[in-house]
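1. When you get a sec, could you give me coordinates for this:
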Amino acid sequence: MNIATYVQAVSLDPKLMMIALYNGTKTLENITQTKRALLQLLPESLAPVVRVCGQNSGNDVVKISRLQKRFTVEQYNELYYLAAAAGFVELTLTDLHDVGGDHMLGTFTVGKQKNLHDVPLLTTEYLRKHKYIR
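-> As a prediction, the model looks like this:
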């Protein structure tokens, strides 16, 4: 059986996604409590949010409040997203696995996907080039 035939024969529903979640973070706590998340696709124009979202602990800072001071933040099903995002994917937690080390591995079903803007996506290459990350 060739791969194309195999893929057609195997049900690909529901769509699944796995995400590594850092232990001790507010993100892990929130996802464990609510069993839901929005994964956002960010455009290059939102590169500054990396400093707020990725370099500050949600245990010490209310990130939504900080983001709302500089960006338009909206809600979808009681979950926040940046209005200027390229899009988002709604995720529902199905399993959380302790894989050792400093991360848990979350398995999610993929729900609604929404495109918001057709813009160049933010990449790690862009973040490095513009010194947002090393």
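
2. My guess is H97 contacts A20. True?
-> No. Applying Cβ atoms under 8 Å as the test, H97 and A20 come out as separate, 10.0 Å apart. Glycine gets a C-beta too; all of them are placed from N, C-alpha and C.

3. where do the contact lists of these two overlap?
-> Common contact partners of H97 and A20 (Cβ atoms under 8 Å, 6 or more residues apart in numbering): 104-106.

4. for those, which one is nearest L41?
-> G106 (18.3 Å; Cβ to Cβ).

5. Residues touching whatever helix or strand that closest one lives in, excluding its own?
-> Element membership of G106, judged by DSSP states H and E, is strand 103-115. If you take Cβ under 8 Å, 6+ apart as the criterion, strand 103-115 is touched by 14-23, 28, 31, 37, 76, 86-99.

6. Would you enumerate the residues in contact with the residue nearest the centre of the chain?
-> By Cα atoms, centre = their mean, the chain has its centre lying nearest to L39, at 2.9 Å. Each residue near L39 by Cβ under 8 Å, 6+ apart is listed here: 17, 19, 88-89, 91.

7. List the pairing partners of the strand holding G106 within its sheet, with orientation.
-> Take DSSP bridges as the rule and strand 103-115 pairs in its sheet with strand 16-22 (antiparallel), strand 87-98 (antiparallel).

8. Is there a quick ChimeraX command that grabs whichever of the contacts of strand 103-115 are buried?
-> This is the ChimeraX syntax for the buried subset of the contacts of strand 103-115, where burial follows 16 or more other Cβ atoms under 10 Å:
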select :19,21,28,31,37,86,87,88,89,90,91,93
